[in-house]
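Novice: got a sequence here, can you build the structure:
(chains A, B, C and D)
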Protein chains: 2
Amino acid sequence: MEAPATRRRGEELEAAIMRAVWEQLAEVGYAALTVKDVAARARTGKAVLYRRWPGRAELVFAAMVHGIPAADDLPDTGALRSDVVRLLEQVAGRFAGIGGDVLWGLLAESARDPELLALIRSDLLDALHRGPMATLVERAVERGEIDPARLTERRVALPFDLLRNEILVRGTVAPDAVAEIVDEVFLPLVRPDGAR
Amino acid sequence: MEAPATRRRGEELEAAIMRAVWEQLAEVGYAALTVKDVAARARTGKAVLYRRWPGRAELVFAAMVHGIPAADDLPDTGALRSDVVRLLEQVAGRFAGIGGDVLWGLLAESARDPELLALIRSDLLDALHRGPMATLVERAVERGEIDPARLTERRVALPFDLLRNEILVRGTVAPDAVAEIVDEVFLPLVRPDGAR
DNA sequence: CAGTTAAGGAACTCGGAGTTTCTTACTGTG
DNA sequence: CACAGTAAGAAACTCCGAGTTCCTTAACTG
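Specialist: Reported below is the predicted structural model:
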């Protein structure tokens, strides 16, 4: 933020840029984010940014991947319900501060670039979700909380599909949305029969 | 398409513009759609467009509302499953030709304009879905195909929430997605107990 | 310490959104 | 049928942001 005493390079410089992008996203959103403003905020020049990322979309994508902390601490509460609730809330929390519009903007701007689009879809929308969820489900099956016969790909994906819908369509995750998704939809579909 | 013999006005002109927007959307998508191209395609000038709509986003929104035929023919096959499948396929079909990127672009560009955003959400994402679905569900309750005690807002919204997820996230609706949504998720949640 | 790399910064091109202005065809009214 | 008034069609214009280029100079390399 304050004037750099020296000329920064490598890691340090890059971190400052990522931070500047993230802050701009939080403050003005995607549509109003300009490369010049980001450069100014990071106290550097546009050329430095373009030397690293081919365009605005890639820059923002990098900042999101960088800014969203990895979910290394997968919930393990011993019960399926609380595990899933906590995981969903974790992910919802990661998107707090920046609105759904960042995702829209990114997707819209990348619509013409199939490679970037695929990357965004897999890194930001899929990988972060499929793996963790699979683990939670696996554990629950072992505990007998889930009937394996009732498991399908679609049902496992359900919690995140619905959470994503909240973020993308409503722009925010209502306080009780997570509980609803888990209690009204997910659990009734995978619990062993009899347990309503 | 061909040179207009005369100078058009009102309805006729407007229809030509809406058609031009729709065709451009289908051909180049939202990001690459320019007002100048639309005007050229409709054989008119930019000023004519800006006299009617305040900006690009409103123009595209108008074209979508105009171009998406109303679902006046609500399915009524006598069975819940086929009703819902048909309704979902109807809606999916309406978005054929233009990709999900149009929605993204529209949402991204309108992120700063709360009124337009609300309009898009309600007209394009909500109104078209909530009403028809409610009717189908109502009929099914009367036929005894649905247990009213198992109905919640969220469950009724489920089919469209998931369909929307397909369109927005995957960019397309896989051939068997609709059947999966209905058979693996929706029906098991609302059918009277015992019917698995 | 000499040579190389790249940061910082400014000036540039290019293109699209939105505006303005002008001429000229329609339209509705007397 | 003539004469406003309105708005279509077309062009030129402003503004602004993405991406590029170039130059100076600080930091790193050996």
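
Novice: neighbours of the residue of chain A found nearest DNA strand D, how many?
Specialist: At 3.0 Å from DNA strand D, residue A:6 is the closest residue in chain A, using CB to the nearest atom of the strand. Placement of C-beta: from N, CA and C, glycine included. The local packing of residue A:6 (other CB atoms under 10 Å in any protein chain shown) involves 6 other residues.

Novice: how much space between it and residue A:13?
Specialist: 11 Å (CB to CB, to the nearest Å).

Novice: low-confidence bits of chain A, can you list those?
Specialist: A:1-5, A:69-71, A:194-196 (pLDDT under 70).

Novice: tell me the centre residue of it?
Specialist: residue A:124 (5.3 Å; CA atoms, centre = their mean).

Novice: once you drop chain neighbours, what's closest to it?
Specialist: residue A:64 (6.4 Å; CB to CB, 6 or more residues apart in numbering or on different chains).

Novice: run through the residues that contact the one you found.
Specialist: A:22, A:25, A:102, A:106, A:124 (CB atoms under 8 Å, 6 or more residues apart in numbering or on different chains).

Novice: where do the helices sit along chain A?
Specialist: Using DSSP state H, the helices of chain A run over residues A:10-28, A:35-41, A:46-52, A:56-67, A:80-94, A:100-109, A:114-120, A:128-143, A:153-165, A:177-180, A:187-190.

Novice: buried residues in the third one, which are they?
Specialist: By neighbour count, and taking 16 or more other CB atoms under 10 Å in any protein chain shown as the criterion, the buried residues in helix A:46-52 are residue A:49.

Novice: list the contacts of that helix.
Specialist: Taking CB under 8 Å, 6+ apart as the rule, helix A:46-52 contacts A:13-14, A:17, A:35-36, A:38-39, A:59.

Novice: now residue A:137. Nearest residue, chain neighbours left out?
Specialist: Take residue A:137 and drop its neighbours on the chain: the residue closest to it by CB to CB, 6+ apart is residue A:156, 5.6 Å away.

Novice: gap between that neighbour and residue A:186?
Specialist: To residue A:186, residue A:156 is 9 Å away according to CB to CB.

Novice: likewise for residue A:166?
Specialist: Residue A:166 sits 14 Å away from residue A:186, going by CB to CB.

Novice: okay, now residue A:144: neighbour count?
Specialist: 9.

Novice: and for residue A:80?
Specialist: By other CB under 10 Å, the residues close to residue A:80 number 21.

Novice: tally of neighbours for the closest residue to it other than its chain neighbours?
Specialist: Excluding the flanking residues, the one nearest residue A:80 by CB to CB, 6+ apart is residue A:140, at 4.0 Å. Residue A:140 has 21 neighbouring residues, counting by other CB under 10 Å.
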